[in-house]
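Sequence and predicted structure below; questions after.
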Amino acid sequence: MLSLDTRFVTQAVADHEWQQLETQIIALHEALEQGRVPGADFRGWIHLPSQTLAEGLDPLLETAASLRDEIDALIVIGIGGSYLGARAALEFCRSPYWHLRSREQRGGPAVYFAGNDLSGPALADLMRVLEGQRVALNVVSKSGTTTEPAVAFRVLRHWLAQKMDAETVRRRIIVTTDRQRGALRKLADEEGYLSFVIPDDVGGRFSVLTPVGLLPLAVAGIDIRALLEGAASQEQALARPELRENPAYRYAAIRQALYRKGKTVEILVTYEPSLRMFAEWWKQLFGESEGKDGKGIYPASAAFTTDLHSLGQFIQEGYRHLFETVVHVDDPGEDVTLPSDPGVDDGLEYLAGRSIAWINDQARLATHVAHADGGVPNLLVRVADRSERSLGELFYFFERAVAMSGLLAGVNPFDQPGVEAYKRNMFALLGKPGYEEDRRKMMERLGHQAR
């Protein structure tokens, strides 16, 4: 079961500084549950785990089973919340190197991700890697017009069409999109692609427990029922708002108390490579939810112990605007023992017979103390293992926490108006119809002639 350890923040913030927020939190919790908060139309994630389990997963699991038998590789095309949760889950429950194993070792197809950048070389290399394999596409987009996934989907769809007949292409494209609207919904209906629905009341960064994340994970052999059960256990555990019973709200209260004392940057720290993409998912969740109205804690991440050799100096002695949240897995999985080799003068013989996991954990404990003593308070979120159930607990814990943290900060935690600013400029520079005047102004500003 997930737990929150606050031992390493007490030097920076006293208990009463965050406990005094309880009355406000109880009121905000009630407003959140009753839909009396900004962005109330996007609260579908709150009871999503239990509702999805009650409704059943048969259509999704049947599709996943069919694909597992028919393909060697699934390409998930999406950006932001349309891919981060699935990739985080895949690496958490398997490993960053999982797709490099043979099909027999994996027990099914590999899963790759595209459409999360605008790199021609990366896309060309992906197609080269997949040459000769049986490939399916799962394109994930509410509108179907987001530039990065739309570009990748067009390229990869044409690539598939050059290698197989039209009926096979139709079977090998699965669409996850809006129920009724958008370019992707229109295309899926016209072409007869199998499709799954992104719920209207669940925003992209909260969508990992919808078909957005569940379908590719099921294809990869992840136990999505256990993932949902873990999330549902937290849905139940976090139903009460009192701080002594709700670690997600305690986390939200403490980080807001730290923010009010000048701690404006939060670093999510992991100690296993399998958690690095989870940190990327977390950064979008908190960055899009809180960074608005001139407010917000900047979400960063670090992979220790690796980054202790590059960022450790700054964290230990740099500008004191930082705090850390460490995600720790008690049982990280398969381990390696350091062998004895007394003939080598590397200073390690005293550790012979120790597991790498144990050595890593001592480094974690030492870093907790050093950073706290150096003025960088750190919170510790613990889960039992790298199982689907533990990951479901983590996903839901942070979703609950960011909702409350955003409301405490006085922002709408469910919208993201700022992401459109760069898009308008980009469309103008690309020459998209309807943006002619914006293009002229942009060219003048950049010192170029419009072409």
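Yep, it's here.

quick one: low-confidence parts of the stretch 201-350 of the chain?
Counting by pLDDT under 70, the stretch 201-350 of the chain contains no low-confidence segment.

What segments of it are strands?
Taking DSSP state E, counting those that start in this stretch as the test, the strands found in the stretch 201-350 of the chain are 265-270, 298-303, 322-331.

would you turn the ones you listed into a markdown table with mean neighbour count?
From N, CA and C alone the C-beta is placed, and that goes for glycine too. Conversion of the strands of the stretch 201-350 of the chain to a markdown table gives the following (neighbours: other Cβ atoms under 10 Å):
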| stretch | mean neighbour count |
| --- | --- |
| strand 265-270 | 22 |
| strand 298-303 | 18 |
| strand 322-331 | 21 |
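
Dump those strands to TSV, plus distance to Ala421.
Conversion of the strands of the stretch 201-350 of the chain to TSV gives the following (distance: least, Cβ to Cβ, whole Å):
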stretch	distance to Ala421
strand 265-270	22
strand 298-303	18
strand 322-331	27
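
Quick check: which of those is nearest to Ser207?
Among the strands of the stretch 201-350 of the chain, the nearest to Ser207 by Cβ to Cβ is strand 298-303 (18.2 Å).

Let me see the domain layout of the chain.
3-36+238-408, 48-225, 420-446 (automatic domain parsing).

Longest helix in the chain, by number of residues?
Taking DSSP state H as the criterion, the chain has its longest helix at helix 388-408.

any idea of the mean pLDDT in that one?
Mean per-residue pLDDT for helix 388-408: 98.

Could you do stretch 431-450 as well?
On average, the pLDDT along stretch 431-450 is 79.

going forward, begin numbering at 695 instead of 1
Will do, 695 is the new start, and the previous item becomes stretch 1125-1144.

Run the chain-centre distance for that stretch.
Between the centre of stretch 1125-1144 and the centre of its chain there are 35 Å (Cα atoms, centre = their mean, to the nearest Å).

Kindly format the C-alpha coordinates of it as CSV.
The C-alpha atoms that make up stretch 1125-1144 are tabulated as CSV, following Å, rounded to 0.1, in the frame of the first residue of the first chain:
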residue,chain,number,x,y,z
GLY,A,1125,1.5,29.0,-43.4
LYS,A,1126,-1.7,27.3,-42.2
PRO,A,1127,-4.8,28.8,-43.9
GLY,A,1128,-6.6,31.4,-41.8
TYR,A,1129,-3.4,32.6,-40.1
GLU,A,1130,-2.2,34.9,-42.9
GLU,A,1131,-2.2,38.1,-40.8
ASP,A,1132,-0.5,36.3,-37.9
ARG,A,1133,2.1,35.1,-40.3
ARG,A,1134,2.8,38.6,-41.6
LYS,A,1135,3.2,39.9,-38.1
MET,A,1136,5.4,37.0,-37.1
MET,A,1137,7.7,37.5,-40.1
GLU,A,1138,8.1,41.2,-39.3
ARG,A,1139,8.9,40.4,-35.7
LEU,A,1140,11.5,37.8,-36.7
GLY,A,1141,13.0,40.1,-39.4
HIS,A,1142,12.0,37.9,-42.3
GLN,A,1143,10.0,38.5,-45.4
ALA,A,1144,6.8,36.4,-45.7
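
mind listing what Gln713 touches?
Counting by Cβ atoms under 8 Å, 6 or more residues apart in numbering, Gln713 touches 937, 947.

Then Thr958?
Under the criterion of Cβ under 8 Å, 6+ apart, the contact list for Thr958 reads 991-992, 1015.

Return the backbone torsion pair for it.
When read as degrees, to the nearest 10, the backbone of Thr958 gives phi -100, psi 0.

separation between it and Ser789?
If you measure Thr958 against Ser789 using Cβ to Cβ, to the nearest Å, the figure is 34 Å.

Tally up the residues packed near the nearest residue to Glu1043 once chain neighbours are set aside, please.
Closest residue in space to Glu1043, ignoring its immediate chain neighbours: Pro1036 at 5.5 Å, by Cβ to Cβ, 6 or more residues apart in numbering. Applying other Cβ atoms under 10 Å, we find 7 other residues in the vicinity of Pro1036.

roughly how far apart are Pro1036 and Asp1132?
From Pro1036 over to Asp1132 the distance is 70 Å, taken as Cβ to Cβ.

just Glu825 next, same as before
With the distance defined as Cβ to Cβ, Glu825 ends up 40 Å from Asp1132.

same check, this time on Pro967
In this view, Pro967 and Asp1132 are 42 Å apart by Cβ to Cβ.

for Asp766, what are its contacts?
If you count contacts by Cβ under 8 Å, 6+ apart, then Asp766 has 797, 803-804, 827-829 around it.

What's the PyMOL line that selects buried ones from the residues you listed?
Buried members of the contacts of Asp766 can be picked out in PyMOL with the line below, counting by 16 or more other Cβ atoms under 10 Å:
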select buried, resi 803+804+829
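
Please name every helix or strand in contact with the helix or strand harbouring Phe847.
Secondary-structure assignment from DSSP states H and E places Phe847 in helix 841-855. The elements that helix 841-855 packs onto, with contact taken as 3 or more Cβ pairs under 8 Å, 6 or more residues apart in numbering; DSSP states H and E, are strand 767-771, strand 804-808, helix 814-823, strand 829-834, helix 860-865.

what pairs with the fourth one, and is each one parallel or antiparallel?
Yep, that's strand 829-834 we're talking about. Each strand that strand 829-834 pairs with, and the sense of that pairing, follows from DSSP bridges: strand 767-771 (parallel), strand 867-871 (parallel).

which one of the ones you listed lies closest to Val849?
Smallest distance to Val849 across those (Cβ to Cβ): 9.7 Å, for strand 767-771.

got the CA positions of the closest one in CSV?
Once non-C-alpha atoms are left out, strand 767-771 reads as follows in CSV (Å, rounded to 0.1, in the frame of the first residue of the first chain):
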residue,chain,number,x,y,z
ALA,A,767,5.0,-4.2,-33.0
LEU,A,768,2.4,-1.6,-32.0
ILE,A,769,3.2,2.0,-32.6
VAL,A,770,1.3,4.4,-30.3
ILE,A,771,1.0,7.8,-32.0
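
I'd like the mean pLDDT over it, please.
Strand 767-771 shows a mean pLDDT of 97.

relative to strand 829-834, how tilted is the next helix or strand along the chain from that strand?
For strand 767-771, the succeeding helix or strand toward the C-terminus, using DSSP H and E, is helix 778-787. Following axes from the mean of the first three to the mean of the last three Cα atoms, to 10 degrees, one obtains 130 degrees for the angle between helix 778-787 and strand 829-834.

hang on, the earlier thing: and which of the contacts of Thr958 is nearest to Leu1101?
Compare each of those with Leu1101 using Cβ to Cβ and the shortest gap goes to Ile991, at 14.0 Å.

okay but that closest one is in contact with Leu962, surely?
No - the pair Ile991 / Leu962 is not scored as a contact, 11.1 Å apart, by Cβ atoms under 8 Å.
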